[in-house]
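Engineer: need a structure here:
(2 chains)
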Amino acid sequence: MSFWTTRRRDVLTGYLFIAPQLAGVALFVLLPVGMAIWYSLNDWNIFTGRQTFVGGDNYAALTSDPQLPRVLLATAVFSGGVVIVNITLGLLIAVLLNRRFRGVTLFRTLFFSPVVVSVVAWTLVWGFLLQDNGGINGLLGTVGITGPNWLQHGGTAMASVIITQVIRSVGINMVLFLAALQGVPGELYEAARIDGASSRAIFARITLPLISPTLLLAVIVTVVGALQSFAQIAVLTEGGPELSTTVLVYYVYQQAFEFNDIGYGSTLALLLLSFVMILTLVQWQLRRKWVFYEQ
Amino acid sequence: MNIKPFGALALATTLALTAACGSSSTGSETGNATDVALRMTVWTSNDAQLKLLNSIGDAYRADHPEVTSITFESLPFADYNTTLTTQIAGGNAPDLAWMGDLSKDLIAADALVGLTDKLKATEGWGYDDLVDSATAEFSRDGTLYAYPFSNSPFALYVNTDLLAAAGQKIDPATLTWDQVAAAGAAVHAKTGKAGFVIRDFDYKSWNTLATVWTGWGAAAWSPDGKTCTFGSPQMRQAFTFLHDAAFTTKAMPGPGTTADFFAGDAAFTIAQVSRASLLTGSFKFGLYPLPAGPAGRYAVLGQAGVGVLASGKHKDQATDFLAYLTNPANAEKLAQFFPPPRKSLLTGAKLAANNKVLNAAQLQAAVVDQLPGAVTLPNHTSPAEIAQKGKTALDAMWKADADIPAVLDSVCAAIQPILSK
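Structural biologist: Down below sits the predicted model:
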């Protein structure tokens, strides 16, 4: 019997097809995660290259870090804010632009264009606009309003980073929702109108269920994206004032690369990874409850 | 198909590679090497400064054919320390590096090559020519670990056009901080421009405020670096002055407001004399020593050193090049940008010889006369962590209703554990 049976050939073909992807995952996912696990178990003096195995010391440090609770709170507020505003606004814009009117293509382009702008350049410009003597307060001043010192107070600083992040990225969700909305069969809307359903009922009973798979995708992608938002914080507020906008990913950067504590930084990175995995898993499991698959 | 074995294999490979990478990398000693490519990280991107450095590098290579190239790698100032430490951690350390507040950590970790023996042994180098106050920051146990090539005292720049527009006059010989604040507030009230600006402070880099609080006799920590002194009465008085200037008299632009002295937006700024190259001639200016505080006259110094990394690949050649880069002839050339640590070069006339912006009298008063008694900006091991934790605590200071003593005590609560390490 030949070694190359049909089954073995199929298996080999399959592995060859997924080999590039598998290599990418091994190199850019498994390798860094493995390194992070190793670093989290060590104290690394990066000036000399000496590593000392410290076991679970860095994990124990998580429980005694006085700044961590405030960092986790800021992370929750920022991520929650970004997800809620981004999904709501993205859906609203998509619904408004899912109709035929003059200039609709221009509006779609305008809302999507910030997505392709460099995040650092985008944030630098917003940094100037949000200064106490910047463009936003200048505009408010023309209508007699004294604007706040946006980036110098905890509440307005957090609102600023959320809004600038949403304005930049809402275009992606808008495009996803637009595609989903255009896939909803028109005859369902016609039947609902003939039956006398209100616009609100049509949206809640027809539109939302039929775009719920896209909604699930958008929520997962936005949650993960929000938890990974770094440049906006680094450029706009540097985590301040006080710790009000220090989100976990920025805290990881500070500990690992500014304070040169690679071990504790890696431990925090693994904490962030576990949050992303848990949140994604929970959303994936909840899909059975609120995602409607037309079949 | 089951891909679990592939995942396990990848993870095992990862850990094996990581363990291998974890071994100490100290660089190789290549005393007789050929094809040596030296690399030095710098935070300047100024064309004239890089041109001068490259010309010195070219002259050195002409006599040292084994050195095939000397590259001056410009790194952005804001990320300089992070980039340099990442390069070191990644096994890609430069041979030489400029350094500021990172020097304490590098010296404490034995990450720099001792320079004293080499510099003393180099004919004509003149080790005894070095000013003691300039070398203290980069020395440990009698060994110099970085050559203090830039010793730039902070000075008071004055936009005399703005003062005239606001009807203000100052006497530099008897000038005090209270007079600067009064004139600054008047300029702001009459012209809408800013009064005084502590350059680079921006309500974040609080260590630059040492240019003010030293005038009140305050210090961030005790001389041995072990005890936080932010809660001292002198520091409270200094921060009361700053807080009043920002929120009451408006002599200093408040948080979130930018004003660039060199663009003509402010009446005064505190900056190093090396910043004079930013003056474009668009307004008349004066340059004076820092104003007196309640504790009298004082001087503060911003230093940069250049050292040889122990983890670099060519330590011997790098040390030899450093000795050449900083010999008396080259130190004189570098002096047009960076006040040198050599007694023989420290006269106003010599410093002014190549300076296109400042004259001999200004350089004598603002540099030469200040250096002997100058203190440096606060410098300690773990500078980034101290800076960040101090900033987080000080953020509460920059509100109109701040409780100044409580905020200063909170700074000590935040940084004392790091000082005590």
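
Engineer: make it CA atoms for all contacts and neighbour counts henceforth
Structural biologist: Noted.

Engineer: Quick one: list the elements packing against whichever strand or helix holds A:Ala159.
Structural biologist: Element membership of A:Ala159 [criterion: DSSP states H and E] is helix A:154-181. Where contact means 3 or more Cα pairs under 8 Å, 6 or more residues apart in numbering or on different chains; DSSP states H and E, helix A:154-181 is packed against helix A:68-97, helix A:104-112, helix A:119-129, helix A:208-227, helix A:231-236.

Engineer: most neighbours per residue, which of these?
Structural biologist: helix A:231-236 (a mean of 21; mean count of other Cα atoms under 10 Å in any protein chain shown).

Engineer: by contact count, what packs against that helix?
Structural biologist: Looks like helix A:231-236 contacts helix A:119-129, helix A:154-181 (3+ Cα pairs under 8 Å, 6+ apart).

Engineer: Comparing those, which stretch has the densest surroundings?
Structural biologist: Highest mean neighbour count among these (mean count of other Cα under 10 Å): helix A:154-181, a mean of 21.

Engineer: picking up where we left off before, redo the helices and strands packed on helix A:231-236 as CSV? Include mean pLDDT.
Structural biologist: CSV is the format used below for those (pLDDT from 0 to 100):
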stretch, mean pLDDT
helix A:119-129, 93
helix A:154-181, 94
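
Engineer: Need those in TSV (columns: distance to A:Arg9).
Structural biologist: Output for the helices and strands packed on helix A:231-236, formatted as TSV (distance: least, Cα to Cα, whole Å):
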stretch	distance to A:Arg9
helix A:119-129	47
helix A:154-181	39
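
Engineer: Of those helices, which is nearest B:Leu102?
Structural biologist: Closest approach to B:Leu102 among the helices and strands packed on helix A:231-236 (Cα to Cα): helix A:119-129, 26.2 Å.

Engineer: looking at the helices and strands packed on helix A:154-181, which has the lowest confidence?
Structural biologist: In terms of mean pLDDT, the lowest-scoring of these is helix A:104-112 (a mean of 88).

Engineer: residues making contact with that helix?
Structural biologist: A:Leu97, A:Ser169, A:Val170, A:Gly171, A:Ile172, A:Met174, A:Val175 (Cα atoms under 8 Å, 6 or more residues apart in numbering or on different chains).

Engineer: in the stretch 51-200 of chain B, what residue is nearest chain A?
Structural biologist: Relative to chain A, the nearest point of the stretch 51-200 of chain B is B:Ala89 (5.0 Å; Cα to the nearest Cα).

Engineer: How many neighbouring residues does the closest residue to chain B within chain A have?
Structural biologist: Chain B sits closest to A:Glu242 of chain A, with a gap of 4.2 Å, by Cα to the nearest Cα. Using other Cα atoms under 10 Å in any protein chain shown, A:Glu242 has 22 other residues around it.

Engineer: That one: what secondary structure?
Structural biologist: coil (DSSP: H, G, I helix; E, B strand; the rest coil).

Engineer: got a list of what the residue of the stretch 151-300 of chain B found nearest chain A touches?
Structural biologist: Using Cα to the nearest Cα, the single residue of the stretch 151-300 of chain B nearest to chain A is B:Gly256, 5.0 Å away. By Cα under 8 Å, 6+ apart, the residues touching B:Gly256 are A:Gln131, A:Asp132, A:Asn133, A:Asn149, A:Leu151, A:Gln152, B:Asp202.

Engineer: for B:Thr258, same thing?
Structural biologist: For B:Thr258, the contact set (Cα under 8 Å, 6+ apart) comprises A:Asn133, B:Asp202.

Engineer: any idea where the strands of chain B begin and end?
Structural biologist: For chain B, the strands defined by DSSP state E cover B:36-42, B:67-74, B:96-99, B:139-140, B:143-144, B:147-159, B:194-198, B:266-272, B:285-288, B:300-308, B:375-376.

Engineer: returning to what we had before: using TSV, lay out the helices and strands packed on helix A:154-181 together with distance to B:Phe77.
Structural biologist: Output for the helices and strands packed on helix A:154-181, formatted as TSV (distance: least, Cα to Cα, whole Å):
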stretch	distance to B:Phe77
helix A:68-97	27
helix A:104-112	34
helix A:119-129	17
helix A:208-227	28
helix A:231-236	15
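
Engineer: residues near A:Arg50, how many?
Structural biologist: Neighbours of A:Arg50 using other Cα under 10 Å come to 16.

Engineer: hang on, the earlier thing: now do the helix holding A:Ala159 against helix A:208-227, angle only.
Structural biologist: 140 degrees (axes from the mean of the first three to the mean of the last three Cα atoms, to 10 degrees).

Engineer: Could you check the pLDDT of residue 270?
Structural biologist: Went with chain A since none was named. Looking at A:Leu270, its pLDDT stands at 97.

Engineer: Can you look at chain B instead?
Structural biologist: Here, the pLDDT recorded for B:Ile270 equals 97.
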